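# how would this look folded up:
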Amino acid sequence: MLNDIPYKNLLGKGRKYDVWVLRDVYDNTFADIAKEYNVSVSTIIANYENMLFWKTRYYVNHLSIVHGYENTTHFRKIWRSALDCYLGNKYIVAYFEKEYADILKEYRNGEPGMPKRILQSLPPLRNQFSMRTISSIIRLRETEGLTYAAIGKRLRMTKEKAEDLYNHHYHVLYFQLSERIMEVTGDMDLRDKYRNTFRVGSGKKKYDCLVADYPELCENFLKGKKQK
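Next up, the predicted model:
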């Protein structure tokens, strides 16, 4: 059986709640907030993300109770879908506040929610992104030189999702190319070199490096893919 948790309990988390208010309600930079508290920017970002997590958890619990569910499974599925779509805790909180505005406004009991500038700019919740959309991201990034923020605005997604889709596309190509090169060269340790060189999420950089290291093999492989 679920028990409702008063929203005001979040205020008891001290600086974490204050950081969220300063960041999202009053639009301060993380650097300015860190300076005010005399701590590192990374500490403030961690406080901020932690508060967004707790806000979402409180919302999911409360919405489950209001809608008559015995557990939080239904709204946790929505939480996961929003995370996959937006790739950012701020957007997840904004989604719940926009989708269940009246319920959550009453639940906050006078405490502020996400400002209109964030709610109004929130992209729609989407379960899938087509290959056509991914091709558009690549074209806008490589041909027109747009930032991920500009791409996201044009294609109605978050900048984080635009960057993720872009890198994932090249990660898949990198994986396919490296598989073929290992078959041809017999170098089964090939991927270790790139894994140790590049951080997670650097799909495009790994792909570019692989093409530069094995130009002929990569060119033949890519030509074969286009002909299929």
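
# Skipping adjacent residues, who's closest to residue 127 in space?
residue 81 (6.5 Å; Cβ to Cβ, 6 or more residues apart in numbering). C-betas here are computed from N, CA, C, even on glycine.

# Pull the number of nearby residues for that neighbour.
15 (other Cβ atoms under 10 Å).

# measure it to residue 212 for me?
Between residue 81 and residue 212 the computed distance is 38 Å (Cβ to Cβ, to the nearest Å).

# For the residue nearest to the spatial centre of the chain, list the residues it contacts.
The C-alpha lying nearest the average C-alpha coordinate of the chain belongs to residue 87 (Cα atoms, centre = their mean; 1.6 Å). Residues in contact with residue 87 (Cβ atoms under 8 Å, 6 or more residues apart in numbering) are 158, 160, 161, 164.

# ok, residue 193 to residue 204 distance?
Relative to residue 204, and taking Cβ to Cβ, residue 193 is found at 17 Å.

# got the phi/psi numbers for residue 14?
phi 60, psi -120 (degrees, to the nearest 10).

# mind checking the SS state of residue 144?
What DSSP: H, G, I helix; E, B strand; the rest coil gives for residue 144 is coil.

# confidence score at it?
Note for residue 144: predicted pLDDT of 96.

# Likewise for residue 175?
For residue 175, the predicted pLDDT is 89.

# ok, now the one 10 residues further on?
At residue 185 the predicted local confidence, pLDDT, stands at 87.
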